[in-house]
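Q: I'll drop the sequence and a predicted model, then ask my questions.
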Amino acid sequence: MGELEVIDPVFIQAPEHRPKPESVQANNVPLIDLSPLSSREPDPGALESLVAQIGQACKDWGFFQVINHGVALHLRERMELVSKQFFAMQKEEKKKVARDEVKPLGYYDTEHTKNVRDWKEVFDFTLQEPMIIPHDHEHREMWNQWPPHNPPQMKEVCQQYGAEMEKLGHKLLELIALSLGLERDRFRGFFEGGTTCFIRLNHYPPCPGPDLALGVGRHKDAGALTVLAQDEVGGLQVKRKSDGEWILVHPTPNAYIVNVGDIIQVWSNDKYESVEHRVKVNAERERFSIPYFMNPTHDTKVEPLDELLSSRNAAKYRAYCWGEFFATRKLSNFKKLDVENVQIYHFKN
Ligand SMILES: O=C(O)CCC(=O)C(=O)O
Ligand SMILES: [Fe+2]
């Protein structure tokens, strides 16, 4: 039997979007050491060099990995264990916290990216409750859903881990601000008073058609910054800016993968671009990953930052409301709208 018959056609990517059987294995996504941030006597030269590396990576790749980031390994391991325990439960247990149009956080196994189904199951939780998003001219509150008994302490572990990710996220945003020549805390205000940050647990089961389906189809992240923990299996591919080639981000133990989202692209007026990425699945091995999506408050007006504009560098985007953008994305996911999703280029000048 050919591969075509073994998986449901809803998962099958158009030929031009299928992964090549052997993807380019290159460690070219920059690896950046954040230890200057935690040194007792910060050396200004080391900090300056760190900022320069971050800026270069954002410009050239939109993606980089960080080590010596300050997130305790034992906490990450506990989080990874809870995620494995959660997905190992019976489907009917997981369905008790299923996400739907009214409760958009929790468990979900039918996500579509660009109208093709992803070979994955996910669990989403927000860090600040309730998460508020605008909907039909009013505000909607979104609350977390936690499984009642198992895995033990899932809620506590998720919350603790989330607090660590927030800290790391702000450190990274500060470095990015400095790399753009902005005040270190330039982005802080956008994340004060109820953000729309959330964490997703991803599980990619083994797939009998790894050359036809994708764990997550090609996409860009809509928020400000994504900070991702991937396990040792590997599968994340990044579209290299220099030649459009899909590059596998080789797993580095205990590192985080960081990528610039659409909002930073707009804030920086295209100096840093949000880069397309996707996830290849594996016939033999399941894979787990945990992205933290760092998103501003729902009422943030996203637009190029004044300080970066000049007569020779006019604003490339009109302002848009982040909460409305986010809500439209979430909704189109449920309705499987055939029309194109809302995208930042719709706000291009
Ligand atoms: O699992 C991964 O490596 C990446 C997942 C991803 O890109 C996403 O959830 O937006
Ligand atoms: Fe992504």
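A: Thanks, I have it. Numbering: from 1, shown residues only. Ligands and ions are numbered 1, 2, ... in the order given.
Q: C-alpha from now on. contacts and neighbour counts both.
A: OK.
Q: Quick check: which helices or strands does the one helix or strand Glu174 maps to pack against?
A: For Glu174, the host element (DSSP states H and E) is helix 154-179. Judged by 3 or more Cα pairs under 8 Å, 6 or more residues apart in numbering; DSSP states H and E, the packing partners of helix 154-179 are helix 44-60, helix 73-87, strand 225-230, strand 287-294.
Q: If we use 6 Å, what do you get?
A: helix 44-60 (3 or more Cα pairs under 6 Å, 6 or more residues apart in numbering; DSSP states H and E).
Q: Does whichever helix or strand comes after the helix it packs on reach ligand 1?
A: Going down the chain from helix 44-60, the next helix or strand is strand 63-67, by DSSP H and E. No: Strand 63-67 is not in contact with ligand 1 by Cα under 6 Å from any ligand atom; minimum separation 11.5 Å.
Q: Give the pairing partners of strand 63-67; include direction for each.
A: Partners of strand 63-67 in the sheet, by DSSP bridges, are strand 31-33 (parallel), strand 256-260 (antiparallel).
Q: Show me where the stretch 201-349 of the chain dips below the pLDDT cut-off.
A: 331-340 (pLDDT under 70).
Q: Contact residues of it facing ligand 1?
A: 221, 230, 236, 278-279, 289.
Q: how about Gln145, phi and psi?
A: Reported as degrees, to the nearest 10, the phi and psi values for Gln145 are phi -120, psi 120.
Q: And for Pro151?
A: phi -60, psi 150.
Q: residues contacting it?
A: 85-86 (Cα atoms under 6 Å, 6 or more residues apart in numbering).
Q: so what's the residue in the chain that ligand 1 sits nearest to bridging to?
A: Per Cα to the nearest ligand atom, Leu236 is where the chain lies closest to ligand 1, at 4.4 Å. Leu236 has the following beta-bridge partners by DSSP bridges: Val279.
Q: from what I can see it touches Val281, true?
A: No: using Cα atoms under 6 Å, Leu236 is not in contact with Val281, being 9.0 Å away.
Q: Going by neighbour count, which residues of stretch 253-270 are buried?
A: 254-270 (16 or more other Cα atoms under 10 Å).
Q: Now, these that are in helices?
A: Using DSSP state H, 262-267 are the members of the buried residues of stretch 253-270 that sit in helices.
Q: so where is the stretch 1-150 of the chain shaky, pLDDT-wise?
A: Ranges of the stretch 1-150 of the chain meeting pLDDT under 70: 1-5, 21-27.
Q: The closest residue to Pro147 other than its chain neighbours: neighbouring residues, count only.
A: In this structure, Pro147 finds its nearest non-sequential neighbour in Val97, 6.2 Å apart by Cα to Cα, 6 or more residues apart in numbering. By other Cα atoms under 10 Å, 19 other residues sit near Val97.
Q: backbone phi and psi for Val97, please?
A: Per degrees, to the nearest 10, the backbone of Val97 is at phi -120, psi 30.
Q: just checking, it touches Gly106?
A: Yes: in this structure Val97 lies within contact range of Gly106 using Cα under 6 Å: 5.5 Å.
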